[in-house]
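Participant: Output the structure for:
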Amino acid sequence: MKLKFTGSSDPGLIRSNNQDAYYIDPEGRFFIVADGMGGHAGGEEASRIATMEIQKYLLSNWESSKSSQELLKSALWEANQAILLDQQNHSERRDMGTTIVVVIFLPGESPYIAHVGDSRLYRWRNQLLELITQDHTWVARALKMGEITIEEARNHPFRHVLSRCLGRDDLHEVDIQPLDVKRGDRLLLCSDGLTEELSDEKIAYYLQENTELEKAVQSLIQGAKDQGGHDNITVVIVQLDD
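Facilitator: Below you'll find the model as predicted:
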């Protein structure tokens, strides 16, 4: 199945630096989006380390006998350990961490997703947008438990509080799952700088209105900036050609 893909990252209108990072494998084997936190330098470094370590691990082990699940679990573990080591060596970055979302297309297997935090993966199919990942946030957990409503969640003061991220020594679990895909599907990987500004309905609108991938990416980023652009915005789109 042939893939088309593109991506871009923008600092937004408020932040002076960009703490997001992303990587697109030129051969379309895997895609990564990370959103760092922990101060001006810390967040930027955390997302950079995570993206670099995952890329390095996947490339080094792509031809091994490991399954997609094994590759992703080990890659994210290596990234977490690398961030922890950097924290130990640089006290000014001791609070840094990053979210991560990764999709890999290992030959002979269904695509797989791994994610930690609130960077997301959506699937666009037959004019319908579906959120595939579940945010690891205080608000997402409270919603699931019925402690708050969807309306309360939108502006809750704890909506940015992560329950899980890379860069923590108590990270014992990452979400890894197979992804059902068909020809014609689009996959959208993004940081919360997009989803904080645009509703799912608005994201679907931009995907429907822009059949060219580059235009879709730029329209989504501009749409988020038009709504305030309060955070860094990263968007990667992968299309399974029909």
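Participant: Regarding Val235, what is its secondary structure?
Facilitator: Secondary structure of Val235, reduced to three states by DSSP: H, G, I helix; E, B strand; the rest coil: strand.
Participant: Thr195 is in contact with that one, correct?
Facilitator: No: under the criterion of Cβ atoms under 8 Å, Val235 is not in contact with Thr195, lying 10.4 Å apart. In short, each C-beta sits where N, CA and C put it, glycine included.
Participant: Which one's more surrounded, those two?
Facilitator: Val235 (27 against 21; other Cβ atoms under 10 Å).
Participant: so how far is Val161 from the more buried one?
Facilitator: Per Cβ to Cβ, to the nearest Å, Val235 is found 24 Å from Val161.
Participant: Just the helices from this structure, written as ranges.
Facilitator: Here the chain has its helices, by DSSP state H, at 40-61, 68-89, 138-144, 150-154, 192-195, 200-209, 213-226.
Participant: Report how many residues lie close to Lys215.
Facilitator: Neighbour number of Lys215 under other Cβ under 10 Å is 13.
Participant: is Tyr112 in a bridge, and if so with what?
Facilitator: Ile104, Pro178 (DSSP bridges).
Participant: again, but for the one 10 residues further on
Facilitator: Going by DSSP bridges, Tyr122 is paired in beta bridges with Leu131, Leu188.
Participant: what about it, how many neighbours?
Facilitator: The local packing of Tyr122 (other Cβ under 10 Å) involves 22 other residues.
Participant: what about it, distance to Cys190?
Facilitator: 8 Å.
Participant: list residues touching both of the two?
Facilitator: Listed as contacting both Tyr122 and Cys190 by Cβ atoms under 8 Å, 6 or more residues apart in numbering is no residue at all.
Participant: quick one: low-confidence ranges for the chain?
Facilitator: 40, 138-160, 242 (pLDDT under 70).
Participant: Report the beta-bridge partner residues of the closest residue in space to Gln218 that isn't next to it in sequence.
Facilitator: Leaving out its chain neighbours, the residue that sits closest to Gln218 by Cβ to Cβ, 6 or more residues apart in numbering is Ser8, at 6.7 Å. Going by DSSP bridges, Ser8 is paired in beta bridges with Val235.
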